[in-house]
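Trainee: dropping a prediction and its sequence here:
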Amino acid sequence: MKHTWNCLFIMSFIWLMAREWSGIQQFPLATQTKLLELLGTLKEKERDSLTILVMGKGGVGKSSTVNSILGERAVAVSAFQSDVPRPVMVSRERSGFTLNIIDTPGIVEGGYVNDQALELIKSRFLLNKTIDVLLYVDRLDSYRVDNLDKQIVKAITESFGKEIWRKGIVVLTHAQLTPPDCLSYEEFFAKRSDAVLKVVDSGPRFKKHEPLDHAIPVVLVENSSRCNKNDGGEKILPNGTVWIPHIVETITIVATNESKSILVDQKLIDGPNANERGKVFIPLILAFQYFFVIKQLKKWIKDDIAKEPKSSWE
Ligand code: GDP
Ligand code: MG
């Protein structure tokens, strides 16, 4: 018995240890300081937890980005079978603050978005979770956007509502590159982010040319261990950005912006049209009532009046 209790105690201790965000200590001192500062800012705004949902095509670097932010190999990364088969939520605690990151498998199958897979992620995994930030991940070193990208954005919008994009950040991985065609790094980044944003912005819009009243931030990421470093040992991009504190800062800004976080409740899972479905029949029911009930009633009343004996004074 005593042995069992000891085992349980050790197991829960290991579990608690595992939940501590120890990966933060792997970062260079300057990064650690900045990250703790950002956690402090969140706590000042009375936020003691944050849930980030990571989505995008398979193989773009979603899992690697999760690991980079946490400073540890928390989720599996693979060059070939590039996706985890199901979503994984990693939770880490630091000074009373909990960071939850949900890494999802790519929802593409045979060149199409697998809507059923997305529904399952939503109903089985995300139910009753609140999404504070959506990281929409793609690669910086791709040269075009295609129909599949549009499908993914559409699927996310339909699943979580267009409001999800107010909590969205576009993340472009493989950011340590030398641009082709004599373009400067900034020009290349601008071109690529414009192309991705064109697709992403179509998600929250109802009509094609409707202007968007909020800008979706774009951040660059380089997950490779060969990423260049500054004198302080922090990972930097060709444009000089120290990218880990920068992405965490952008996450805190978006998490605390004026828009509400997205609660994945049963109503959201049933779909925005769940209540609407029955409404299609309302005109039919009214027409039925008019022709078969009201008309009949009117006829009976008319007949009754006609049959009624005239009063003597008439
Ligand atoms: P996921 O399917 O979107 O989760 O992608 P993974 O994180 O599993 O990454 C797929 C492959 O791309 C792995 O071989 C990663 O090492 C590699 N990778 C991911 N991000 C980057 C990056 O920023 N730069 C480079 N050079 N490779 C990356
Ligand atoms: Mg993955």
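Mentor: Looks like it came in fine. Ligands and ions are numbered 1, 2, ... in the order given.

Trainee: which residues touch the closest residue to Ser142 other than its chain neighbours?
Mentor: Excluding its sequence neighbours, the residue lying closest to Ser142 (CB to CB, 6 or more residues apart in numbering) is Arg192, at 7.5 Å. For every residue, glycine as well, the C-beta is placed using N, CA and C. Contact analysis of Arg192 by CB atoms under 8 Å, 6 or more residues apart in numbering lists 140, 142-143, 172.

Trainee: okay if I get those as JSON lines plus secondary structure?
Mentor: Converted to JSON lines, the contacts of Arg192 look like this (DSSP: H, G, I helix; E, B strand; the rest coil):
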{"residue": "Leu140", "secondary structure": "coil"}
{"residue": "Ser142", "secondary structure": "coil"}
{"residue": "Tyr143", "secondary structure": "coil"}
{"residue": "Leu172", "secondary structure": "strand"}
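
Trainee: just give me the neighbour total for Asp48.
Mentor: For Asp48, the count of nearby residues is 13 (other CB atoms under 10 Å).

Trainee: helix or strand with the lowest mean pLDDT in this structure?
Mentor: Least confident helix or strand of the chain, by mean pLDDT, DSSP states H and E, is helix 2-19 with a mean of 51.

Trainee: in the stretch 51-200 of the chain, which residue sits closest to ligand 1?
Mentor: Proximity to ligand 1, evaluated over the stretch 51-200 of the chain using CB to the nearest ligand atom, is greatest for Gly61 at 2.8 Å.

Trainee: now that residue: closest residue in space, sequence neighbours ignored.
Mentor: Closest residue to Gly61 apart from its sequence neighbours, by CB to CB, 6+ apart: Thr173 at 3.5 Å.

Trainee: wait, the one you found touches Glu222, no?
Mentor: Yes: taking CB atoms under 8 Å as the definition, Thr173 is a contact partner of Glu222 at 7.2 Å.

Trainee: between these two, point out the one with more neighbours.
Mentor: Glu222 (26 against 23).

Trainee: the more buried one against Leu172, yeah?
Mentor: No: contact criterion CB under 8 Å: Glu222 and Leu172 do not qualify, at 9.8 Å.

Trainee: show me what counts as buried in the helix or strand hosting Gly40.
Mentor: Assigned by DSSP states H and E, Gly40 belongs to helix 29-44. For helix 29-44, the neighbour count (16 or more other CB atoms under 10 Å) marks 31-32, 34-35, 38-39, 42 as buried.

Trainee: many thanks, I have nothing further to ask.
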